[in-house]
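J.: any chance you can model this:
(chains A and B)
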Amino acid sequence: MVKIIGNNTPALKKGDPEPPLAPGRARIYSMRFCPWAERAVLYAAAKGIDVEIVNINLVEKPEWYFNKHPQGKVPTFEKDGQIVIESGIIPEYLDGIYPESAILPTDPYLRAKQRILLEQAAPLTTAFYGLFAVYRENLEGEARDAKIKPVEDAIDNIEKLLKDEYFGGSTPGFADWLLFPFFERVSLLSTPLSLPSPFPSSRWPNLSSWWGRISSLPAAAAALQPKEVHLAFVKSFIGGKADYDVGL
Amino acid sequence: MLASSVPRLLTRNLDKYFSAPPIRLFTPRNLRSLASIFRTFLTTTAAMPSSLVGKNSHHLKSGDPEPAPLVPGAARIYSMKFCPFAQRALIYLAKKGIRTEIININLASKPEWYFAKNPKGTVPTFERDGQVVFESLIVPEFLDGIYPDTSIISADPYTRAKQRILVEQLSVVVGGYVGIFLALKDNKSDDDIKEAVGKCKEALDECEKLATYNAPFFAGLEPGFPDYMVFGFFDRVWAMVTGTLPESRPTLADDLKQFTVSDFPGCGKWPRLTRWFQAMEQLEEVKASRQPFEIQKEFLKTYAGGNPEYDIGA
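T.: Purely as a prediction, here's the structure:
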């Protein structure tokens, strides 16, 4: 049962007051189209935690937000005065404070293996920005290939790492949820960039069936943005005027 | 037994005997002072034997055979004498007092069998009972998982998260260090190197802000996870800006004279970091992981020159 509320609310900006947070309530500061913030939202959704989302305008950040995160980035998690930042740290913290719905295994070796998988897949989380560059600058020929090849190489490598239904085994785990947002964006950008659809594709059969499975889970559905809305945001973003409230 | 675990054991037992009021001779504060005196005594006298075996062993290279399989229960770490990432695991193992065999790996000519342990061939890699774990921030938490009685990272989810966030924030110093190293390696102009040094100073400024006057260590009154995870990078900056760089580029000696071996990064500009670095240097677990200044300095010269001499000083 997914209990995320406010995922599609307008982004708060400079001048907007800080919304009060009641004791015992959990909140994620997010941005609807940020892959890093999406990690935290997905993880909370997969755990079935009651969480409210407060979206932040990352160009005109509310003044009070810097008290939550010194650099004003998303995601930030807050509950009962405890504030935790960093998309790779929040999920483990959530498992710590909501242990009954822990996603990471408690066995030290299995836990380490999940974290290692994420590290091994990490090249995708930087390479995917290249797709935005291709789109923004209308790159062609070698310049285009130079941006797209690292993405394909990263996915080739991840294809080999997937040995089960999910990276977590027979159920989605830590690495699955933390990688999901990046595959979502690769899939999204394949259309405007006229790339063959990555999922499904014969080049990545394991990942194609993985994507089919995971993207239809309720937790993924709760965090996913409709393709048209997401693309409209990407267009505004690469145009230099990010429209954080697009589609609302 | 490790120096700092002695007083902790003592205090734990004494508290049991002397917990009844009204006489509180052994108050936590008194015990802390006693512990601190005791620790100072231990660390300033003879070096304690470390649980690490083979710290200065020759680096195995392409063609060298794989060391004999581990017997059940035995621990091994694949390392490189000067790698700040591997140093994270070494400090952790020494602090936990786990008897561990160190196998040094020549990172410029890696032994073929090493890729079966770690596909990228990086260090550190930890191995025990057929379980192989790599990545320098993952190995320490794994060690706390399999040796929980000597756990270092906090078990409280919030404190644990804060310790991990601190590591992220302090890691600006990694970029500062790498910038100087690459400028030297690529034989850039003095101006370029000065700029890299300037960026490194800014990184130190950021770290200084993260330190507090209330506690000598990033983890608090005692050193902990964040301290152990970042020390190696400060150790490398130390050798670079006080030794390698001024000697490799005598023309920059004036720009670097604010950095000295015994007052690093420098009380004037970075008082809290300086106190921290000096406190860290005194810890047995840090000593067990570290290479002497002269050797670090000379190694960095060979490394920046493109031909790292991993076995220098051995």
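J.: low-scoring stretches of chain A, by residue?
T.: Within chain A, the segments meeting pLDDT under 70 span A:1.
J.: near chain B, which residues of it?
T.: Chain A comes close to chain B at residues A:82, A:84-86, A:89-90, A:92-93, A:95-97, A:107-109, A:111-113, A:115-116, A:119-120, as judged by C-beta under 8 Å from any C-beta of the partner chain. Just so you know, the C-beta spots here come from the backbone N, C-alpha and C atoms, and that holds for glycine as well.
J.: check those for burial and list the buried ones.
T.: Among the residues of chain A next to chain B, the ones that count as buried by 16 or more other C-beta atoms under 10 Å in any protein chain shown are A:84-86, A:89-90, A:92-93, A:95-97, A:108-109, A:111-113, A:115-116, A:120.
J.: please narrow the residues you listed to those residing in helices.
T.: The helices, defined by DSSP state H, take in A:90, A:92-93, A:95-97, A:108-109, A:111-113, A:115-116, A:120 from these.
J.: what's the burial count for the closest residue to chain A within the stretch 151-300 of chain B?
T.: In the stretch 151-300 of chain B, no residue comes nearer to chain A than B:Pro157, which is 2.6 Å away by C-beta to the nearest C-beta. B:Pro157: 18 surrounding residues under other C-beta atoms under 10 Å in any protein chain shown.
J.: gap between it and A:Asp95?
T.: 8 Å (C-beta to C-beta, to the nearest Å).
J.: buried residues in the helix or strand hosting B:Ala183?
T.: According to DSSP states H and E, B:Ala183 maps onto helix B:172-185. For helix B:172-185, burial by neighbour count (16+ other C-beta under 10 Å) applies to B:Val172, B:Val173, B:Val174, B:Gly176, B:Tyr177, B:Gly179, B:Ile180, B:Phe181, B:Ala183, B:Leu184.
J.: is it possible to export those residues to a markdown table including pLDDT?
T.: As requested, these are arranged in a markdown table below (pLDDT from 0 to 100):
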| residue | pLDDT |
| --- | --- |
| B:Val172 | 97 |
| B:Val173 | 97 |
| B:Val174 | 97 |
| B:Gly176 | 96 |
| B:Tyr177 | 96 |
| B:Gly179 | 97 |
| B:Ile180 | 97 |
| B:Phe181 | 96 |
| B:Ala183 | 96 |
| B:Leu184 | 96 |
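J.: now do the phi/psi pair for A:Thr126.
T.: phi -100, psi -40 (degrees, to the nearest 10).
J.: please tell me how far it sits from chain B.
T.: Counting by C-beta to the nearest C-beta, to the nearest Å, the gap from A:Thr126 to chain B is 15 Å.
J.: how close does that residue sit to A:Lys147?
T.: 12 Å.
J.: look at the two and report which has more neighbours.
T.: A:Lys147 (21 against 12).
J.: nearest residue to that one other than its sequence neighbours?
T.: A:Gly130 (3.5 Å; C-beta to C-beta, 6 or more residues apart in numbering or on different chains).
J.: just the CA coordinates for the helix or strand hosting that neighbour, please, in PDB.
T.: Per DSSP H and E, A:Gly130 falls inside helix A:129-137. Taking Å, rounded to 0.1, in the frame of the first residue of the first chain, the C-alpha atoms of helix A:129-137 are listed here in PDB:
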ATOM      1  CA  TYR A 129      23.400  13.400 -18.300                       C
ATOM      2  CA  GLY A 130      25.000  13.000 -21.700                       C
ATOM      3  CA  LEU A 131      21.600  12.300 -23.200                       C
ATOM      4  CA  PHE A 132      20.400  15.700 -22.000                       C
ATOM      5  CA  ALA A 133      23.400  17.300 -23.600                       C
ATOM      6  CA  VAL A 134      22.700  15.600 -27.000                       C
ATOM      7  CA  TYR A 135      19.100  16.800 -26.800                       C
ATOM      8  CA  ARG A 136      19.900  20.400 -25.700                       C
ATOM      9  CA  GLU A 137      22.700  20.900 -28.200                       C
END
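J.: give me the number of residues near the residue of the stretch 1-150 of chain B at minimum distance from chain A?
T.: Nearest residue of the stretch 1-150 of chain B to chain A, counting by C-beta to the nearest C-beta: B:Gly145, 2.6 Å away. By the measure other C-beta under 10 Å, the count of residues near B:Gly145 is 18.
J.: same thing with A:Glu78?
T.: 19.
J.: ramachandran coordinates for it?
T.: phi -140, psi 140.
J.: all good on my end, thank you.
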